[in-house]
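>>> Pasted the sequence and its predicted model underneath.
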Amino acid sequence: MNPSDDREGVTRRAMLGRATAAAGLAVLSGGAQRPNAGRKIRGKPESTGEADQTARVEQRAKEAGLGRLQSSRTEHFLCLGDAPQAYREEALGICESLAKAFIPHLKERGFKVAMPPNRMMVVALNDARSYEAFLAEEPGRSVGGHYDLDANRLVIFDFRPADGEQKAGAERLNTFTLVHETAHLLCFNSGLLALDHEPPRCVSEGLATYFEMWRPWARAGVGAVNRPRLLAIRQAGKGDVPWVETRRLFVEDQLFDQEATAQLAYGQCWLLLNSMLQSRIWQPRLAAYLKAVAAAPALQSDADRIKTAEEHLGSLDQLDERMKKQARSLLRD
């Protein structure tokens, strides 16, 4: 990993630490993308073969001064790290369960997705110290992990302290982070999003927030109302930033990294993608839009982003009015 390249993800990881007390979680942000200023066409993706992925992780761990890495495998995931076996296997169990819910859920809605031919990489680290060493930087006190788009791997660590009063909250942070970031990993490896270039942040984060409240042990499956994100919209409406126009969501990636707008942006992108994925009318439109974005790495300008969105989704101003009505309806429930 090139440290200078990895610095581009620092802001995104820092946002994982933003607190949202109403959600009962230490984190309600995060994602796979970089700020708007970092828009670029990425080079050819690194090999996703297990041997190559393993070699890169082991090299990074050696540079970080970590001890010998242990491995665990499931059908679709390979996990390396210095975390105990129980933690590795628990994390992989959640990843595998989400993958098996993710693919059929989207296929039923007309999206062409499939599991990749190679296992996806998960790096599971023992604690915050190992995580900081692996990143070669201080990640922030409440950061619980991230999906590294350039390296195409999920990096997590056990946020639970050895003892203390915060253990329950740390377990929630472990699960929240794992599900949100695994959703990113699946989106970029299932064919839903392209690995070699980045879509608008509202797209990638909207998809991750759509899946993030899924739990393998919960009755509610994928697509349940994301109450924490909805509450963020309500809370923002009481402040100085009551709403972000939908066209701004498609072009201003930095909205997700600025403290004043981040929670609202995440809330609105959940509302946007949830609304489309739950509608038989909007599902094919969204599928066509995602296909166009995946096939067009040159969508760098604001004008290109707006044009592509409106070609498949219609007027963004009209969509904005629809989202406002949807928000009001959900907030009345």
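Looks like it came in fine. Since we're looking at a predicted model, the values are computed, not measured.
>>> Tell me where the model's unsure across the stretch 101-250 of the chain.
140-142, 161-170, 239-241 (pLDDT under 70).
>>> quick one, helices of it?
128-135, 167-189, 201-211, 227-237, 246-251 (DSSP state H, counting those that start in this stretch).
>>> and the angle for the third one with helix 167-189?
Using axes from the mean of the first three to the mean of the last three Cα atoms, to 10 degrees, one finds that helix 201-211 and helix 167-189 are set 120 degrees apart in direction.
>>> Same question for helix 201-211: list its buried residues.
Buried residues in helix 201-211, counting neighbours by 16 or more other Cβ atoms under 10 Å, are found at 201-211. Yep, even glycine has a C-beta here, placed from its N, CA and C like the rest.
>>> before we move on, back to that, turn the helices of the stretch 101-250 of the chain into JSON lines, including distance to residue 49.
Shown next, in JSON lines, are the helices of the stretch 101-250 of the chain (distance: least, Cβ to Cβ, whole Å):
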{"stretch": "helix 128-135", "distance to residue 49": "21"}
{"stretch": "helix 167-189", "distance to residue 49": "13"}
{"stretch": "helix 201-211", "distance to residue 49": "24"}
{"stretch": "helix 227-237", "distance to residue 49": "36"}
{"stretch": "helix 246-251", "distance to residue 49": "35"}
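>>> deepest of those, which one?
Mean neighbour count (mean count of other Cβ atoms under 10 Å) peaks for helix 201-211 among the helices of the stretch 101-250 of the chain, with a mean of 27.
>>> Using CSV, write out every CA atom in that one.
Extracted in CSV, the C-alpha atoms of helix 201-211 (Å, rounded to 0.1, in the frame of the first residue of the first chain):
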residue,chain,number,x,y,z
ARG,A,201,-20.9,9.3,-3.3
CYS,A,202,-24.7,9.4,-2.9
VAL,A,203,-24.9,6.2,-5.0
SER,A,204,-22.3,4.1,-3.1
GLU,A,205,-23.4,5.4,0.3
GLY,A,206,-27.1,5.1,-0.5
LEU,A,207,-26.5,1.4,-1.3
ALA,A,208,-24.5,0.8,1.9
THR,A,209,-27.1,2.6,4.1
TYR,A,210,-29.8,0.6,2.4
PHE,A,211,-28.2,-2.6,3.7
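>>> Now do that helix: everything it contacts.
Residues outside helix 201-211 that contact it (Cβ atoms under 8 Å, 6 or more residues apart in numbering): 30-33, 36, 98, 102, 179-181, 183-184, 187, 192-193, 198, 222-223, 226, 229, 249-250, 253, 255-256, 265-266, 268-270, 272-274, 277, 290, 293.
>>> Quick check: phi and psi at residue 212.
phi -70, psi -20 (degrees, to the nearest 10).
>>> That one against residue 176, yeah?
Yes. Assessed by Cβ atoms under 8 Å, residue 212 is found in contact with residue 176 at 6.8 Å.
>>> Which parts of the stretch 1-150 of the chain are strands?
Assigned strands in the stretch 1-150 of the chain, in chain order: 70-73, 77-81, 120-125, 145-148 (criterion: DSSP state E, counting those that start in this stretch).
>>> ok, now the stretch 201-333 of the chain?
Under DSSP E, counting those that start in this stretch, the stretch 201-333 of the chain gives no strands.
>>> count of neighbours near residue 260?
12 (other Cβ atoms under 10 Å).
>>> What score does it have for pLDDT?
Residue 260 is assigned 89 on the pLDDT scale.
>>> With that, I have no additional questions.
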